[in-house]
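J.: How does the following fold in three dimensions:
(one chain, ligands or ions: 1)
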Amino acid sequence: MGVGIQTMWSILLLLSCIFSAASASVGYDHKAIIINGQRRILISGSIHYPRSTPEMWPDLIQKAKAGGLDVIQTYVFWNGHEPSPGKYYFEDRYDLVKFIKLVQQAGLFVNLRIGPYVCAEWNFGGFPIWLKYVPGIAFRTDNEPFKAAMQKFTEKIVNMMKAEKLFQTEGGPIILSQIENEYGPVEWEIGAPGKAYTKWAAQMAVGLNTGVPWIMCKQEDAPDPVIDTCNGYYCENFKPNKVYKPKMWTEVWTGWYTEFGGAIPTRPVEDLAFSVARFIQSGGSFFNYYMYHGGTNFGRTAGGPFMATSYDYDAPLDEYGLLQQPKWGHLKDLHKAIKSCEYALVAVDPSVTKLGNNQEAHVFNTKSGCAAFLANYDTKYPVRVSFGQGQYDLPPWSISILPDCKTAVFNTAKVTWKTSQVQMKPVYSRLPWQSFIEETTTSDESGTTTLDGLYEQIYMTRDATDYLWYMTDITIGSDEAFLNNGKFPLLTIFSACHALHVFINGQLSGTVYGSLENPKLTFSQNVKLRPGINKLALLSISVGLPNVGTHFETWNAGVLGPISLKGLNTGTWDMSRWKWTYKIGMKGEALGLHTVTGSSSVDWAEGPSMAKKQPLTWYKATFNAPPGHAPLALDMGSMGKGQIWINGQSVGRHWPGYIAQGSCGTCNYAGTFYDKKCRTYCGKPSQRWYHIPRSWLTPTGNLLVVFEEWGGDPQWMSLVERVRV
Ligand code: GAL
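T.: Residues are numbered from 1 along each chain as shown. Next up, the predicted model:
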């Protein structure tokens, strides 16, 4: 028996040497990531660079460092970097190299999740839309066109990092890279081709010789030497697939994302800290907060469908980059406590003893000292436990950390930091608005295409815009009975998603929209038609492309029918195969009304002739930048749905008209957390405020443009400062 264990340890040692020898400075063994020969407990946090501005990055990184982080984790966002094949973009919010160098300058490491599939509530999971139209392609499986494109982009990024000497082995900050993202569940569903793809992805990545380890998250069969890692609210029970791999947690969910129509999720810091301590006490050595700063889905980058523009995530740094207290502070204390145990945590495996029915001690006993974690798993009762020479009070669902096995320096449920209250202080209201009403039927045939039948939306728009018009003429004979009896025909439209406005003869007849849980929608309404030609115009609107699900690239959007009109002399008409005229995007988009130059291409109405609560209306106003440095937001409480631009930069989609469903109730930190457990803002707009980055403003004359689909009232829109006190 003794010999057996000894042999096993020698094998482990040998393997660890092999994996660490692969690169001079980053390797791993069963305990931890090894940097320059030292096992490390690594505390990491996700900050996705395009979800903030380069001007915000240094401050976010400093706050992450001050919060006790060693590593910044980010995905790489393919569709931001390669908007059309071979045309790369690495500027501004997509300046990946700059972001990584800033992290390096702050003295932190980087975990680069190249993907290039990222999920992340990001449009199309990070895939460029053109990828969908590569002949013969199927995403994320053993498919040659897909693999070729994935390899090309992965190589592009790796080579870029090498050229800039950003991998740790060349003196840079990158200590880990990730290939794919949570592929395990997909592989499980699709079987053999999935298995082959996993193998290929791992081999391809390892073949790029970055000199630092690769990881795959939620991938039980990650091939050697790739490390499989855990994602979730809790990961204490996770075991990597080989005894010589360290126990790593790549996504500690600090909250959850907000969807339009959903309430705002929060996760109590007591439970978050408890989950982390639980992971560390059971031998974990790397964890990453997803998200540490969530930020904003600017432009049309939100995934979906129905992801909100805010990606706050209830993260320790809020959407605007302010410290979210007590979360930030309590985690900082947790990190300090964990770091004071590091010497013991990396040296030995814990021994576990029972302290009571629902209580345990995890002890790391080393030659140079001892560290202990005392845990109370009970969700209701505080307990006093005896450990060593002392007695310790443990609140329910909590862990105390004793870096010397004597003094409890931290308990996960004892929060000493004050809660910071958010204030949204109005700076400007009643801006000098002007309006321009968008056309709802086309007298102008330019830019239209007429086709037989109904076409899929993304095929038509290539996701260059949210909007696609489907237009047709309904000719009503003067002998139709409904013209006399007033029983107007029933128009029924099935749409694959996501939202739909129905206009008849230029008038809005109705609006329908789906939800994340049920993106499909049906419009069914009796419609007033007149004898002769009636202009039917359907405005189909996409609200972010799916970012998750097996073969999500095949999911449709737009009006695919059937469309029927019931209650005519001849019964029901099936309109699905009629001739439909298509127009991509809004006229205002084509004119660039949101840009500084384009905005002067039309005559805007003002004063008494301003549009009043009209659907499909553009509004513009100018304002001077308010003094100071407080983050800014637009209060869109009086608006319905649409998009916002500042000086030509897209702030994102607004949809305060979508009210959060569900019940919020009270929230007890104790007990297993799940995403719907602690929600706020039920019965209120899912998102009322929209972040306006300071760096997008000039001192005077900033152009604010809002495209409003529903008919909100711009008079009440205001610019506010966000403060936390
Ligand atoms: C994970 C995924 C992340 C993100 C998260 C939910 O499964 O890896 O990219 O989508 O879920 O916020």
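
J.: Please count neighbours and contacts with C-alpha atoms only from this point.
T.: OK.

J.: now Lys332, nearest residue through space, not along the chain?
T.: Gly67 (4.7 Å; Cα to Cα, 6 or more residues apart in numbering).

J.: so the one you found touches Leu331, yeah?
T.: Yes: taking Cα atoms under 8 Å as the definition, Gly67 is a contact partner of Leu331 at 7.1 Å.

J.: need the strands for the stretch 251-400 of the chain, in chain order.
T.: If DSSP state E, counting those that start in this stretch is used as the criterion, the strands of the stretch 251-400 of the chain fall at 264-265, 286-293, 351-356, 359-366, 369-376, 383-387, 390-394, 398-402.

J.: same question, the stretch 51-200 of the chain
T.: In the stretch 51-200 of the chain, strands defined by DSSP E, counting those that start in this stretch lie at 71-75, 109-115, 174-179, listed in chain order.

J.: Can you tell me which residues in the chain are near the ligand?
T.: Contact residues (Cα under 6 Å from any ligand atom) of the chain with the ligand: 118-121, 181-182, 256-257.

J.: List only those of these flagged as buried.
T.: Listed as buried from these are 118-121, 181-182, 256-257; burial here means 16 or more other Cα atoms under 10 Å.

J.: what's the burial count for Glu144?
T.: By other Cα atoms under 10 Å, the residues close to Glu144 number 13.

J.: distance of the residue nearest to Lys332 from Ile43?
T.: The gap separating Gly67 from Ile43 is 10 Å, by Cα to Cα, to the nearest Å.

J.: Of those two, give the one with the bigger neighbour count.
T.: Neighbours were counted for Gly67 and for Ile43 using other Cα under 10 Å; Gly67 has more, 24 against 20.

J.: My guess is Gly261 contacts Tyr681. True?
T.: No: under the criterion of Cα under 8 Å, Gly261 makes no contact with Tyr681, lying 10.6 Å away.

J.: between these two, what contacts are shared?
T.: Residues touching both Gly261 and Tyr681 by Cα atoms under 8 Å, 6 or more residues apart in numbering: Ala660.

J.: Settle it for me: which of those two has more neighbours?
T.: Between Gly261 and Tyr681, counted using other Cα under 10 Å, Gly261 has the larger neighbour count: 26 against 18.

J.: What residues does the more buried one make contact with?
T.: 306, 515, 658-661, 685-686.

J.: Now tabulate these in CSV and tack on pLDDT and neighbour count.
T.: Shown next, in CSV, are the contacts of Gly261 (pLDDT from 0 to 100; neighbours: other Cα atoms under 10 Å):
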residue, pLDDT, neighbour count
Phe306, 97, 27
Ser515, 93, 21
Tyr658, 98, 21
Ile659, 97, 19
Ala660, 97, 23
Gln661, 91, 16
Pro685, 98, 23
Ser686, 98, 25
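
J.: JSON lines please, covering the strands of the stretch 51-200 of the chain and showing distance to Thr672 and mean pLDDT.
T.: Output for those, formatted as JSON lines (distance: least, Cα to Cα, whole Å; pLDDT from 0 to 100):
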{"stretch": "strand 71-75", "distance to Thr672": "26", "mean pLDDT": "98"}
{"stretch": "strand 109-115", "distance to Thr672": "28", "mean pLDDT": "98"}
{"stretch": "strand 174-179", "distance to Thr672": "29", "mean pLDDT": "98"}
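
J.: Make a markdown table from the ones you listed and add mean neighbour count to it.
T.: Shown next, in a markdown table, are the strands of the stretch 51-200 of the chain (neighbours: other Cα atoms under 10 Å):
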| stretch | mean neighbour count |
| --- | --- |
| strand 71-75 | 26 |
| strand 109-115 | 24 |
| strand 174-179 | 25 |
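
J.: Format those strands as CSV; extra columns: distance to Thr141.
T.: Shown next, in CSV, are those (distance: least, Cα to Cα, whole Å):
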stretch, distance to Thr141
strand 71-75, 20
strand 109-115, 14
strand 174-179, 14
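
J.: show me the contacts for the closest residue to Gly588 other than its chain neighbours.
T.: Spatially, and ignoring its direct neighbours in sequence, Gly588 is nearest to Glu438 (6.7 Å; Cα to Cα, 6+ apart). Glu438 makes contact with 586-588, 616-618 under the criterion Cα under 8 Å, 6+ apart.

J.: How about the contacts made by Thr154?
T.: Neighbours of Thr154 in contact, by Cα under 8 Å, 6+ apart: 114-116, 205.

J.: if we can go back for a sec, intersection of neighbour lists for Gly67 and Ile43?
T.: Counting by Cα under 8 Å, 6+ apart, the common neighbours of Gly67 and Ile43 are His335.

J.: Lys245 and the ligand: what is the separation?
T.: Separation of Lys245 from the ligand (Cα to the nearest ligand atom, to the nearest Å): 20 Å.

J.: shouldn't that residue be in contact with Thr229?
T.: No: judged on Cα under 8 Å, Lys245 makes no contact with Thr229 at a distance of 9.6 Å.

J.: mind showing which ranges of the stretch 301-450 of the chain have poor pLDDT?
T.: For the stretch 301-450 of the chain, the stretches flagged by pLDDT under 70 are 441-444.

J.: how about the helices of it, start to end?
T.: For the stretch 301-450 of the chain, the helices defined by DSSP state H, counting those that start in this stretch cover 327-339, 342-345.
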